[in-house]
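Trainee: sequence and predicted structure, then a few things I'm wondering about:
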Amino acid sequence: MSLRQFITARKLLRSLFDVKKNVQKSAILKWREMASLFGLHDNVFSNPRHIKISKPVTAILIGAGHRGSIYADYAIQNPNELKIIAVAEPNGGRRRRAKLNHQLSINNCFEDWKAVFIKEKFADAVIIATPDMLHTQPCLAALDAGYDILLEKPIAPTEEECRLILEKVTATGRIVAVCHVLRYAPYFRQLKEVLDAELIGKIISIQHMEPIEQVHMSHSYVRGKWKNSKLATPIVLAKSCHDTDIIRWLVNSQAHDVHCFGNLRWFTNANAPEGSTERCTDGCLVEKSCPYSALQIYLRDKKRLYVFDLPVDKSKWDKLILENLKTTDYGRCVYRMDNDQPDHLTVNMLFENGITAAFSMEAHVSYQGRITRIMGSKGDIVGDMESFVMTDFKTRKKVSWKMVTDEHGGGDHRLVRDWVQAVAQQDNTLLSSTIEVSVESHLMAFAAERSRLNRTIEEVKIGSKIVAVQLETVVER
Ligand SMILES: NC(=O)c1ccc[n+]([C@@H]2O[C@H](COP(=O)([O-])OP(=O)(O)OC[C@H]3O[C@@H](n4cnc5c(N)ncnc54)[C@H](O)[C@@H]3O)[C@@H](O)[C@H]2O)c1
C-alpha cells in the first residue's frame, strides 16, 4: 500500500467508525474507497500488460444475431483495435445490417459459415455467435484453418464435443476465449478481489442464486430459442454455465461432485387457464390478466423486440409485431408450448478443496441478476449484483460498497477487449479463463443435468477421454 493509500484509508476508517461508541455509520462506499481501505486494486479492469495495438485485429463474424452484433459493435467503437472484415449469416436482413455497419465488401458476405472456411485464411480471428447446436463444427473448422476464436457459450452441446474442442485447441495452440461475460462484470471482479485478499478469511461455502425473472424465462426458455433442451441445450448449460464458471472461479478449485434437482412446474398444459387459447391473439379470455400476455409484452410494452428484426421506421412496428405474434412462437400461449426446460432447479457442488456451493436458478421471480452469499472463516459477504455488505465476525463491523453496472453486468465489451489484446499479443494468459477451465464449467453443468435426470450424485470427470463423436464432414477446400 502506498503512503497516499494508507492516509486515505485511515481517514476513511475514522469516518466510517465512531471508535468511542463503536457504532458503525451506514456509509456505502464506492469501489475506489473500498480498495483504498483494504489495499486492493482500485481499478479491477486495468491490466498493465495491455498494449496500444498497432494494427487492428481482423475478424470474421459468424452469426450476426443478437450476441454476434454486440461483440461486433466493439469494432465500431474501437476501430483501432478490432475490424470486422467479413460476415457469415443466413438471415438476409442481419447480413445486410452487418455489411452496412462494418462497410464490408459484397465478396466478404456469406450466407453460411462453411463458405468462410472454403477460402484460405483471410483474417486473424473469427467470432462464433451461432445458435447452440452450431458451435462445434465452425469452431473445429476455424482451428484447423489457423484462426483465433471468440466462442459464444455453450462451447458445444455435448460433453464429448467440448472435449474434442479442448483437444484441438491444445493441439493447435490457438487463442480461444469462451464468452463467460460475467467474469467481466464489476460485481464479480470486485468480489473476486475481496475473496482473493482473504478479507473474510478462507471461503467455507457459497450460496448463489440466478433469478431469471419470469418474463425473461417465458421469452427465452418457454417461447424462445432455448425452449426445448433437445433442440437447443439444457437450461443448466445454456443459462447456468455462467454460474458454474463463476462459482468455480471464486472457489479456485475443481468441482468433484454435483447433485441437481429441478423440474418444469408451471409452464405446462395442465396449468393453462380456462378460456386461454393457442395464441394470445386468438381472443384469449384471460389475456388481459395474464402476466405472460404476448400482446402486453411485445405489442403494448414493446419489450424484447430484438428477436423480430424490426425496421428503423417505428411507424411500421405495430403491424409487424402483430404479424409475428400470429406466426411465430412468441405469440403462443406459454402453457401450450413444446417446452421442456425446468423453471426451477438447485445444484449442490462439492469442490476438491472442501468448499461447498448451493446454486439455485429460479424463473418465478420479479427480478433478475445474481444474488450471492459467501461464508468465510472470519466473516461473510452478501451481494446482489449492485452492492455488497461484508461483516467481520470479531468486530461485527460492516462495510458496504456499491458498483455501477449495466444490463448484462457490464461484461460484454470488456471481454472483447481482453480477447483482442490476447490475439494481438498472441498471449492467451491475457484472457480471464483458460479453455480447460471453461470446459470444466461445462462439465459441471453436464454432470448436473445427468444428476437431475437420473437422480444421482455425479462425479465431474475432468480428465476423461473422448469416446466417439459423430460429426458431419463439411469443409473441403
Ligand atoms: N454469453 C452470453 O451471455 C450469452 C447470452 C445469450 C446468448 N448466448 C449464446 O450466443 C449464441 C447466439 O445467441 P443469440 O441470442 O445471438 O442468437 P441469434 O439467433 O440472435 O443469433 C444467432 C445467429 O446465427 C445465425 N446462423 C444460423 N445458422 C447459421 C449458419 N449456418 N452460418 C452462420 N450463421 C448462422 C442465425 O441466423 C442468427 O442470426 C447462442 O449459442 C447462445 O446460447 C450467450
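Mentor: Happy to help now that I have it. Numbers count the residues shown, from 1 in each chain.

Trainee: enumerate every residue touching the residue in the chain positioned nearest to the ligand.
Mentor: Taking CB to the nearest ligand atom, the ligand has its nearest neighbour within the chain at residue 65, 1.9 Å off. For every residue, glycine as well, the C-beta is placed using N, CA and C. Residue 65 makes contacts with 89, 91, 94, 129, as judged by CB atoms under 8 Å, 6 or more residues apart in numbering.

Trainee: ok, which residues in the stretch 51-200 of the chain are in contact with the ligand?
Mentor: Neighbours of the ligand within the stretch 51-200 of the chain, by CB under 6 Å from any ligand atom: 62-68, 88-91, 94, 112-113, 129-132, 134, 152-153, 179, 181.

Trainee: looking at these, which are in strands?
Mentor: The strands, defined by DSSP state E, take in 62, 88 from those.

Trainee: make a ChimeraX selection of the buried ones in the residues of the stretch 51-200 of the chain next to the ligand.
Mentor: Paste this into ChimeraX to select the buried members of these, with burial taken from 16 or more other CB atoms under 10 Å:
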select :62,63,64,65,67,68,88,89,94,113,129,130,132,134,152,153,179,181
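
Trainee: so which of the residues of the stretch 51-200 of the chain next to the ligand belong to helices?
Mentor: Counting by DSSP state H, the members of these that fall within helices are 66, 67, 68, 94, 113.

Trainee: which one of those residues sits closest to residue 84?
Mentor: residue 68 (9.6 Å; CB to CB).

Trainee: hang on, the closest one packs against residue 127?
Mentor: Yes: at 6.3 Å, residue 68 counts as touching residue 127 under the criterion of CB atoms under 8 Å.

Trainee: hey, what's in contact with both of these two?
Mentor: Residues touching both residue 68 and residue 127 by CB under 8 Å, 6+ apart: 61, 62.

Trainee: got the ones in helices among the residues of the stretch 51-200 of the chain next to the ligand as a markdown table, with pLDDT columns?
Mentor: As requested, those are exported to a markdown table (pLDDT from 0 to 100):
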| residue | pLDDT |
| --- | --- |
| 66 | 95 |
| 67 | 97 |
| 68 | 98 |
| 94 | 97 |
| 113 | 98 |
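
Trainee: tell me where the stretch 1-150 of the chain has strands.
Mentor: Using DSSP state E, counting those that start in this stretch, the strands of the stretch 1-150 of the chain run over residues 17-18, 23-24, 28-30, 57-62, 82-88, 109-110, 125-128, 148-151.

Trainee: average pLDDT across the second one?
Mentor: Averaged across strand 23-24, the pLDDT comes to 46.

Trainee: cool, the last one as well?
Mentor: Throughout strand 148-151, pLDDT has a mean value of 98.

Trainee: again, but for the fifth one
Mentor: Averaging the model's pLDDT scores along strand 82-88 yields 98.

Trainee: neighbouring strands of it in the sheet, and parallel or not?
Mentor: strand 57-62 (parallel), strand 109-110 (parallel) (DSSP bridges).

Trainee: including mean pLDDT, could these go into JSON lines?
Mentor: Shown next, in JSON lines, are those (pLDDT from 0 to 100):
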{"stretch": "strand 57-62", "mean pLDDT": "98"}
{"stretch": "strand 109-110", "mean pLDDT": "98"}
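
Trainee: quick one: which of the ones you listed is nearest residue 405?
Mentor: Distance to residue 405, taken as CB to CB, is lowest for strand 57-62 among the strands paired with strand 82-88, at 26.1 Å.

Trainee: ok now the closest one, how far from the chain's centre?
Mentor: Computed by CA atoms, centre = their mean, to the nearest Å, the chain-centroid distance of strand 57-62 equals 21 Å.

Trainee: same check on stretch 30-47?
Mentor: Between the mean C-alpha point of stretch 30-47 and the mean C-alpha point of its chain there is a distance of 24 Å (CA atoms, centre = their mean).

Trainee: please apply the same query to stretch 326-337.
Mentor: Stretch 326-337 has its average C-alpha position 26 Å from the chain's average C-alpha position, going by CA atoms, centre = their mean.

Trainee: is the ligand contacted by it?
Mentor: No: for stretch 326-337 and the ligand, the contact criterion (CB under 6 Å from any ligand atom) is not met; the two come no nearer than 12.5 Å.

Trainee: which residues sit against that stretch?
Mentor: The contact list for stretch 326-337, computed with CB under 8 Å, 6+ apart, reads 218-219, 222-224, 227, 267-269, 271-273, 276-281, 284, 292, 294, 298, 307-308, 324-325.

Trainee: list buried residues within those residues.
Mentor: If we count by 16+ other CB under 10 Å, the contacts of stretch 326-337 have these buried: 218-219, 222-224, 227, 267-268, 272, 276-277, 279-281, 284, 292, 294, 298, 307-308, 324-325.

Trainee: so residue 386 sits against residue 403, correct?
Mentor: Yes: counting by CB under 8 Å, residue 386 touches residue 403, with 6.6 Å between them.

Trainee: name the residue in the two with the higher neighbour count.
Mentor: In this comparison of residue 386 against residue 403, neighbours counted by other CB atoms under 10 Å, the higher total goes to residue 403 at 21 against 12.

Trainee: so what's the more buried one closest to, chain neighbours aside?
Mentor: Taking CB to CB, 6 or more residues apart in numbering as the measure, residue 403 lies nearest to residue 186, with 4.3 Å between them; neighbours along the chain are not counted.

Trainee: confirm for me that the one you found is in contact with residue 401.
Mentor: No: counting by CB under 8 Å, residue 186 sits too far from residue 401 to count as a contact (10.4 Å).
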